[in-house]
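> From the sequence below, what's the structure:
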Amino acid sequence: MKRVKTLKCALGITMLLSSSAYADFTLYGQLNRAGMTVRDGHQTSFYSVDNDASSSRLGVKGSMKHDGLTVGGKLEVEYEAASSAKVSQTDRGTDTNVGIRHALAYLKSDLGKISVGHGDTATNGISEITLNGADDIIYNDMTVFGGGHKFHAKNSNAEAAGPTMKSTHTNLDGFSRANLVRYDTPSFNGFMLSASHSTEKAQVEATDIALRYEGGTADFDVEAGWGWGKYSRGNQAAGTNRQSQWAGSISGLHKDSGFNVTLAAGQQKLEAANSSKPKYWYVGLGKQCDMNSWGMTNFAVDYYNGKHFADGLAGTDKDAKSRAYGLGVQQHLKAWNSSVYGGVRQYKFKRTTQKYDNIVAVMLGLKVKFSIS
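Residues are numbered from 1 along each chain as shown. Model prediction:
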């Protein structure tokens, strides 16, 4: 009976908000499931996963405007049954991750937007900007394809015990989502500046700023971003060695031809004495094609080159080298608000004192989105 009353209350609030001339209310969600096969040089494993590039989720957002001031909020829950970035040789994905992605309230006016709660830090997503249209399968996040897998030492029959892909192929993509206070300026000719101060688990306490651009010309669309962040001194999580980092990305799309290019790079500064500076660069090429009546067919390839990333304290291995290559395609199904995709990646990692077998991952999936306003 309590559940019925709660449902009636929720429906009543939805109808009230929807009927207001000043209100905007949307219930939305998506399912993004895939089959993934990973070969570590010694064994091949299959997983039914939730694609971590854009996880399955359910959310509600709403806002009301009066006298030039908008008050709004967003509540979004993630449901990952076997995350594609966490399954591994020793974890078949039996656990289900249910967590809050956003629980955020905000005020917005001509002076900008102030947000408080749990949500995106200023630099979240700053390394992952792309206009390739295939970003459920190919973009600057190497961990999506089995990032929890460990590299297997060459010429060894022992169980894979090397570093994980997510520790050797990071994109330094800001401070993710956290409990925060954030400010965004209004957009000026496509440019927007953001700043946030956050507290959350491993990062403990952090401050970051980011500059973003969306625009272009009559022939080109362009999106870009650059961000810098710093962990508070004396508040660093046990077992980490990070002090500050910067990263950025830029993507351009030629409207007529569909050809697109994406570039990204980043670097960390570490506190430990004699540490190197972990860094990487990334390039992606793509082609958007109008080949059928279903929707756009988007092809993409990319390459990742990293140095000095290692398991544990990043940067303590000055000779570590990381490489990755990717190829993928995403077919959009416009009438169904869905898409199907498939891709393959090869990962390489080596140290002066140890070489590891390459890891190859293949993923095929389906993404279904819905919304009710």
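> Go through stretch 136-154 and flag the buried ones.
Using 16 or more other Cβ atoms under 10 Å as the test for burial, stretch 136-154 gives 136-153. C-beta: built from backbone N, CA, C; applies to glycine.
> Any idea which helix or strand in this protein has the lowest mean pLDDT?
Least confident helix or strand of the chain, by mean pLDDT, DSSP states H and E, is helix 2-19 with a mean of 45.
> in whichever helix or strand comes after it, what's buried?
Proceeding N to C from helix 2-19, the next assigned helix or strand is strand 23-39, under DSSP states H and E. Neighbour counts over strand 23-39 (16+ other Cβ under 10 Å) mark Phe25, Thr26, Gly29, Gln30, Leu31, Asn32, Arg33, Ala34, Met36, Thr37, Val38, Arg39 as buried.
> And for stretch 362-373?
Val362, Met363, Gly365, Leu366, Lys367.
> Over to stretch 279-287?
Lys279, Tyr280, Tyr282, Gly284, Gly286, Lys287.
> export it as PDB, just CAs?
What follows is stretch 279-287, C-alpha atoms only, in PDB (Å, rounded to 0.1, in the frame of the first residue of the first chain):
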ATOM      1  CA  LYS A 279      51.600  11.700 -19.900                       C
ATOM      2  CA  TYR A 280      49.800  10.600 -23.000                       C
ATOM      3  CA  TRP A 281      48.600  11.800 -26.400                       C
ATOM      4  CA  TYR A 282      45.700  10.500 -28.500                       C
ATOM      5  CA  VAL A 283      44.400  10.800 -32.100                       C
ATOM      6  CA  GLY A 284      41.200   9.600 -33.600                       C
ATOM      7  CA  LEU A 285      39.800   9.700 -37.200                       C
ATOM      8  CA  GLY A 286      36.300   9.100 -38.200                       C
ATOM      9  CA  LYS A 287      33.700   9.200 -41.000                       C
END
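> what bridges to Val98?
Under DSSP bridges, the beta-bridge partners of Val98 are Tyr79.
> let's have the chain start at 4 instead
Done: numbering now begins at 4, and the last item shifts to Val101.
> Surely it is in contact with Val80?
Yes: shown here, Val101 and Val80 form a contact pair, counting by Cβ atoms under 8 Å, at 6.8 Å.
> Name the residue in the two with the higher neighbour count.
Val80 (16 against 9; other Cβ atoms under 10 Å).
> Before we go further, the more buried one is sitting in a strand, right?
Yes: with DSSP: H, G, I helix; E, B strand; the rest coil as the criterion, Val80 is assigned to a strand.
> so which strand or helix has the residue lying closest to it once chain neighbours are set aside?
Spatial nearest neighbour of Val80, excluding adjacent residues (Cβ to Cβ, 6 or more residues apart in numbering): Leu61 at 5.4 Å. Leu61 belongs to strand 60-69 when assigned by DSSP H and E.
> distance of the residue lying closest to Asn340 once chain neighbours are set aside from Lys111?
Spatial nearest neighbour of Asn340, chain neighbours left out: Lys372 (4.9 Å); criterion: Cβ to Cβ, 6+ apart. For Lys372, the distance to Lys111 (Cβ to Cβ, to the nearest Å) stands at 25 Å.
> picking up where we left off before, export the buried residues of stretch 365-376 as JSON lines, with columns for pLDDT and distance to Thr171.
Below are the buried residues of stretch 365-376 laid out as JSON lines (pLDDT from 0 to 100; distance: Cβ to Cβ, whole Å):
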{"residue": "Val365", "pLDDT": "98", "distance to Thr171": "20"}
{"residue": "Met366", "pLDDT": "98", "distance to Thr171": "19"}
{"residue": "Gly368", "pLDDT": "97", "distance to Thr171": "24"}
{"residue": "Leu369", "pLDDT": "98", "distance to Thr171": "29"}
{"residue": "Lys370", "pLDDT": "98", "distance to Thr171": "28"}
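> how about the helix or strand containing Ala267 as CSV, C-alpha atoms only?
Per DSSP H and E: Ala267 is located in strand 262-273. This file holds the C-alpha atoms of strand 262-273, laid out as CSV (Å, rounded to 0.1, in the frame of the first residue of the first chain):
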residue,chain,number,x,y,z
PHE,A,262,35.2,13.4,-41.9
ASN,A,263,36.2,14.2,-38.4
VAL,A,264,39.4,14.4,-36.4
THR,A,265,39.9,14.3,-32.6
LEU,A,266,43.1,15.1,-30.6
ALA,A,267,43.7,14.8,-26.9
ALA,A,268,46.6,14.9,-24.4
GLY,A,269,47.3,15.2,-20.7
GLN,A,270,50.0,15.1,-18.0
GLN,A,271,50.2,14.5,-14.2
LYS,A,272,52.6,16.2,-11.8
LEU,A,273,53.5,14.0,-8.8
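> Given that strand, what are its sheet partners and their directions?
When DSSP bridges is applied, strand 262-273 pairs with strand 245-257 (antiparallel), strand 282-292 (antiparallel).
> need the ones you listed in TSV with distance to Glu274 and mean pLDDT, can you?
Formatted as TSV, the strands paired with strand 262-273 follow (distance: least, Cβ to Cβ, whole Å; pLDDT from 0 to 100):
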stretch	distance to Glu274	mean pLDDT
strand 245-257	5	93
strand 282-292	16	97
